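Engineer: Got a predicted model here, sequence first, then my questions.
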Amino acid sequence: MDGGNKTLKERREEEIREEIKKLPTIRETENSILQVVKGQDEQVRSIVTAAYRSIMLKGIKANVLVMGKTGTGKTEILKQLAQKLNRVYVVEDANEFTQEGYYGRDVSSIILDLIEAADFDFDIAEQGIVIIDEIDKKTGKQTTERDVSGSGVLNSMLKLIEGKKIKIPTIRGRDIDEDEFSTENLMIFFAGAFSDMETVLQNVPRTQTIGFAQKQEDIKTLSKTGAIKESLVKYGFPEEFVGRIDTIVQLNDLSEDVLEEIVKKSQNSIFRKYQNEFSKYGIKLQYNGKTLFKAIAKKAKKANTGARELSNIVNYMFEKILYDVFSAKKGRYHVCILQEGIEEDNTKYILK
């Protein structure tokens, strides 16, 4: 068939095939994410596999639920995945949404955000990634009244995960030709901490649950028996919603060793960023690597907010140093010695 006679659908399918050819291999994508996110090897593999399954197998959507405490890497994994796949993406806070027809944001707002992120290119947007965080905050309500901000929102999100077409309202004053948006090829990732899940599951037999999220093997047991989806319904998710989730991933809590590896080796390490910036000023950092990173990780672990606390600690460490460096002319200092205990007392440094 002559290229000029191809239908729009045929041309788009040909473009998609060409895009697939340009994709990194699944192992390359996995390894790239693991250069940034530490301590979640098996979980990253599950998420990446779900994404590639959706891309490579026509008609199979990726509807993924990622469960994990604050600072375990939920959003970071998904952002890295989108960037590696070269897909446009949006990160949405589920707390902002209400059921359609009520005051607040609704599902169409997500689509509008995605279209804007794609610079109003519908073809790009329809192949995008939607990340909805704090999804656990929309469940668990026990009420006989109309729930416009909880399960009602989850039911309205069925349009996204079922792959249906969504009517598009006026795009913030912009004229468009299309009036429908296809969600057939969207990858949907829900994320949440589920911090009170254990309370909800108290009545589920211990032989099935073992204790939610206490150990990584617990979620595996739940998944194998099918009890995890039953547990999500008990938690407050509508059955129709849970039935459409094809992959559920439970992230590990981060140990001191993993936190140490993040601050020491992650490509996104806040400490390495400071080190690189100081080198631009001609200043070399000197420190005892055997003790400093362990001390930072130990302090972060006590805060119980995962990798997020690493940034707080490192920013604190360099606060006074930065003031001194920025107060002096460039070239005044060449070495910054970080002394033992600087993670607790940020005056423990020497500039020379």
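Structural biologist: It's in. Numbers count the residues shown, from 1 in each chain.
Engineer: so where do the strands sit in this structure?
Structural biologist: 62-67, 89-93, 129-133, 165-167, 180-182, 187-192, 247-250, 284-286, 335-338, 349-351 (DSSP state E).
Engineer: can I get the ones you listed in JSON lines with mean pLDDT and distance to Ala51?
Structural biologist: All C-beta spots, glycine's among them, are computed from the backbone N, C-alpha and C. As requested, the strands of the chain are exported to JSON lines (pLDDT from 0 to 100; distance: least, Cβ to Cβ, whole Å):
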{"stretch": "strand 62-67", "mean pLDDT": "94", "distance to Ala51": "6"}
{"stretch": "strand 89-93", "mean pLDDT": "95", "distance to Ala51": "11"}
{"stretch": "strand 129-133", "mean pLDDT": "95", "distance to Ala51": "8"}
{"stretch": "strand 165-167", "mean pLDDT": "83", "distance to Ala51": "22"}
{"stretch": "strand 180-182", "mean pLDDT": "87", "distance to Ala51": "18"}
{"stretch": "strand 187-192", "mean pLDDT": "95", "distance to Ala51": "6"}
{"stretch": "strand 247-250", "mean pLDDT": "92", "distance to Ala51": "9"}
{"stretch": "strand 284-286", "mean pLDDT": "97", "distance to Ala51": "37"}
{"stretch": "strand 335-338", "mean pLDDT": "97", "distance to Ala51": "40"}
{"stretch": "strand 349-351", "mean pLDDT": "97", "distance to Ala51": "44"}
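Engineer: Switch the ones you listed over to a markdown table; also include mean neighbour count and distance to Val48.
Structural biologist: Listed next are the strands of the chain as a markdown table, based on neighbours: other Cβ atoms under 10 Å; distance: least, Cβ to Cβ, whole Å:
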| stretch | mean neighbour count | distance to Val48 |
| --- | --- | --- |
| strand 62-67 | 24 | 10 |
| strand 89-93 | 18 | 15 |
| strand 129-133 | 23 | 13 |
| strand 165-167 | 13 | 27 |
| strand 180-182 | 15 | 24 |
| strand 187-192 | 24 | 11 |
| strand 247-250 | 21 | 11 |
| strand 284-286 | 14 | 34 |
| strand 335-338 | 18 | 36 |
| strand 349-351 | 15 | 41 |
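Engineer: who wins for proximity to Arg272 among these?
Structural biologist: strand 284-286 (10.2 Å; Cβ to Cβ).
Engineer: which other helices and strands contact that closest one?
Structural biologist: helix 270-280, strand 335-338 (3 or more Cβ pairs under 8 Å, 6 or more residues apart in numbering; DSSP states H and E).
Engineer: export those to JSON lines and tack on distance to Lys58?
Structural biologist: Formatted as JSON lines, the helices and strands packed on strand 284-286 follow (distance: least, Cβ to Cβ, whole Å):
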{"stretch": "helix 270-280", "distance to Lys58": "41"}
{"stretch": "strand 335-338", "distance to Lys58": "54"}
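Engineer: Return the most buried member of these.
Structural biologist: strand 335-338 (a mean of 18; mean count of other Cβ atoms under 10 Å).
Engineer: which helices and strands does that one pack with?
Structural biologist: Using 3+ Cβ pairs under 8 Å, 6+ apart, strand 335-338 sits against strand 284-286, helix 308-327, strand 349-351.
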